[in-house]
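Peer 1: Structural data only, the sequence is not supplied:
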Ligand code: ADP
Ligand code: F6P
């Protein structure tokens, strides 16, 4: 099966995401079954530049599929954004006999993967981020676990919010994207959902909505605020002052990135990992794995990075209508 590829490397890069271990496990085991050796690179591109490289075999990924985080560790590495850093990374790959690489991460990590491809190291990307903000794919590793973790936490805040007849602003992650906020907003039945892609910064609309809902007899008011908007604590103070209703802010933070992956994240990550190992062993390079329109597919990295993704107008309208 392997077309000249004898050894591949694998690394995780950027923010960790639940399900990354399932992807690593699948890459390692599929590559080995294709007759190819695997080396694990610790701590992303930084670990590559530091030559933190270990041999991996089928047993080195035992007992990992259920674990959150990434067994390889991850990092953000500024040096790898430079031409000199990329050249050094490729030279280190060659020194260690690594002729193919799988990179699990987000858009930024894909740019690093593209750089490695250009330096002659066959490289394949796998979408790993809780933010769902990779345009070419409808699924990213970790999003499902993150929204389930956040949803359960928000249900708990809702209980106490109702008991105290408070307004709660709950801030969820997502960097500049509102996918986590939208999904939690709908799944938690929030009264207001603030998305970076849509929010007009008119707090008076929210204040009017809270007062109207209180008159209608609602005992709580849940506002899901996306990280890309932020400032939940100061927003809570202003809303409390304007409405006279006790308002609390909760920033969920890193708990959303941890925990045992859901079945969906384990399954999709496993298929994507196997797919990446297969196309890499078959000689592909500069491609990323995606799940689109119900199918696992792969795209050229250039093409993938040029794609656009937005919040569906219809889904956003539904989310607003359901909050009446
Ligand atoms: P994510 O992969 O989740 O989008 P980042 O944007 O932080 O996260 O990128 C992760 C890492 O990928 C960076 O720390 C850097 O090492 C590498 N990277 C990001 N952008 C580039 C780039 N333009 N060229 C090369 N490497 C990059
Ligand atoms: O990309 C995942 C993510 O958790 C984002 O939601 C958040 O903006 C960012 O990473 C936080 O990054 P760091 O771990 O560097 O604080």
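Peer 2: Good, I have the coordinates. Every value quoted in this text rests on a predicted model; they were computed, and no experiment measured them. Ligands and ions are numbered 1, 2, ... in the order given.
Peer 1: Over in the stretch 1-150 of the chain, which residue gets nearest ligand 2? Let me know.
Peer 2: residue 15 (3.2 Å; CB to the nearest ligand atom). Bear in mind the C-beta positions are built from the backbone N, C-alpha and C, glycine included.
Peer 1: what's the burial count for whichever residue of the stretch 1-150 of the chain sits closest to ligand 1?
Peer 2: The stretch 1-150 of the chain approaches ligand 1 most closely through residue 108 (2.1 Å), counting by CB to the nearest ligand atom. As a burial measure, residue 108 scores 17 neighbours (other CB atoms under 10 Å).
Peer 1: and what of residue 6?
Peer 2: 13.
Peer 1: Surely it and residue 122 touch.
Peer 2: No - Residue 6 lies out of contact with residue 122 (CB atoms under 8 Å); the separation is 11.5 Å.
Peer 1: Pull up the per-residue confidence for the nearest residue to residue 305 once chain neighbours are set aside.
Peer 2: Distances taken as CB to CB, 6 or more residues apart in numbering put residue 110 closest to residue 305, at 6.2 Å, once the chain neighbours are dropped. The model reports residue 110 with a pLDDT of 97.
Peer 1: Please apply the same query to residue 219.
Peer 2: 88.
Peer 1: Measure how buried it is and give me the count.
Peer 2: Neighbours of residue 219 (other CB under 10 Å): 12.
Peer 1: Tell me how far it lies from ligand 1.
Peer 2: Distance of residue 219 to ligand 1, given as CB to the nearest ligand atom, to the nearest Å: 39 Å.
Peer 1: for that residue, what are its contacts?
Peer 2: 162, 165 (CB atoms under 8 Å, 6 or more residues apart in numbering).
Peer 1: Disregarding flanking residues, what is the spatial nearest neighbour of the spatially most central residue of the chain?
Peer 2: When the chain is reduced to its mean C-alpha position, the closest residue under CA atoms, centre = their mean turns out to be residue 129, at 1.6 Å. Excluding its sequence neighbours, the residue lying closest to residue 129 (CB to CB, 6+ apart) is residue 106, at 4.0 Å.
Peer 1: For this structure, which residues are neighbours of ligand 2?
Peer 2: 15, 106, 129, 130, 131, 173, 174, 175, 227, 257 (CB under 6 Å from any ligand atom).
Peer 1: which of the residues you listed sit farthest apart?
Peer 2: Largest separation among those by CB to CB: 106 and 227, giving 14.5 Å.
Peer 1: Return the residues of the protein in contact with ligand 1.
Peer 2: Counting by CB under 6 Å from any ligand atom, the chain sits next to ligand 1 at 13-15, 45, 76-77, 80-81, 105-109, 111-112, 115, 129.
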